[in-house]
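Asker: Have a look at this prediction, sequence included:
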Amino acid sequence: MYDHLTIVDHPLVQHKLSLMREKGTQSAVFRQLLREISQLLAYEVTRELPMITQEIETPIQKMDTPVLAGKKLALVSILRAGNGLLDGILELIPLARVGFVGLYRDEETLKPVQYYFKVPEDLGDRLVIAVDPMLATGNSSAAAIDLLKQAGATNIRFLCLLAAPEGVARMKEAHPDVPIITAALDEKLNENGYIVPGLGDAGDRMFGTK
């Protein structure tokens, strides 16, 4: 289908996603589910982290054992909804560096508007994982990746909860070198640029703002 797209079909991921899609799921439960599912998705997005061998001493004897190599990875949240994924991944990888890209979607043009950008130094030496629950039109995601590349990032992965075919295609056109990891590829976008069947606006559902 898409060679740059990985759909994580683990039963726990799919079950939690179904609960999140349910209209009646309250914000507190939605946030908790997003935190849990983000950790499961993080296993997939970090599957190919480089390793080196290091000598340690167990209570029994010394041994050579694998540990992560290189500089700590960078997690970059695409505000505001990206923070829901960020929080869960940070529990799994607490030493990761953290950055933020502030973009909002103009509701008339559906184009991204930047209002904030703060990322760690030396992005070119790190694996950079950009996180945003929804890959809808792909315009905001592509714009965020543009900014990360301008800041020096060369090894980038994009992690989202849901994706639409239009967004996946847009990302492939703009950034074919950036793999996408998601829990589901939904049917389409509606006339307002929302994913169908989707789960509504992830930010509003996280924070109870609508």
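Answerer: On my side now, so go ahead. Residues are numbered from 1 along each chain as shown.
Asker: Not counting its own residues, what contacts the longest helix anywhere in the chain?
Answerer: Using DSSP state H to define each element, the chain has its longest helix at helix 27-45. Helix 27-45 has contacts (C-beta atoms under 8 Å, 6 or more residues apart in numbering) with 6, 8, 10, 12-13, 16-17, 19-20, 25, 84-89, 91-93, 129, 131, 133, 157, 159, 161, 181-183, 202, 205-208. All C-beta atoms are positioned from the backbone trio N, CA, C, and that covers glycine.
Asker: ok, 6 Å please
Answerer: Residues from elsewhere that reach helix 27-45, judged by C-beta atoms under 6 Å, 6 or more residues apart in numbering: 8, 12-13, 16, 19-20, 84-85, 87-89, 92, 129, 157, 159, 181, 205-206, 208.
Asker: Likewise for stretch 168-187?
Answerer: Against stretch 168-187 from outside (C-beta under 6 Å, 6+ apart): 2, 4-8, 13, 17, 44-45, 138, 141-142, 145, 156-164, 195-196, 198.
Asker: So which of those are in helices?
Answerer: Of the contacts of stretch 168-187, the ones assigned to helices by DSSP H are 13, 17, 44-45, 141-142, 145.
Asker: and Ser77, that one's in a strand?
Answerer: Yes. Under DSSP: H, G, I helix; E, B strand; the rest coil, Ser77 sits within a strand.
Asker: Thr58 versus that one, what's the distance?
Answerer: 37 Å (C-beta to C-beta, to the nearest Å).
Asker: And for Pro165?
Answerer: 50 Å.
Asker: So those two - more neighbours on which side?
Answerer: Neighbours around Pro165 and Thr58, counted as other C-beta atoms under 10 Å, are more numerous at Pro165. The numbers are 18 against 8.
Asker: Return stretch 87-101 as CSV; C-alpha atoms alone will do.
Answerer: C-alpha atoms of stretch 87-101 as CSV (Å, rounded to 0.1, in the frame of the first residue of the first chain):
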residue,chain,number,x,y,z
ASP,A,87,3.6,12.2,27.9
GLY,A,88,3.3,8.4,27.5
ILE,A,89,6.5,8.0,25.5
LEU,A,90,8.4,10.0,28.1
GLU,A,91,7.4,7.5,30.7
LEU,A,92,9.0,4.8,28.6
ILE,A,93,12.1,6.9,27.6
PRO,A,94,12.5,9.5,30.4
LEU,A,95,15.9,10.6,29.3
ALA,A,96,14.8,11.7,25.8
ARG,A,97,15.3,15.3,24.8
VAL,A,98,12.0,17.1,24.1
GLY,A,99,11.0,19.8,21.6
PHE,A,100,7.8,21.5,20.6
VAL,A,101,6.4,22.8,17.3
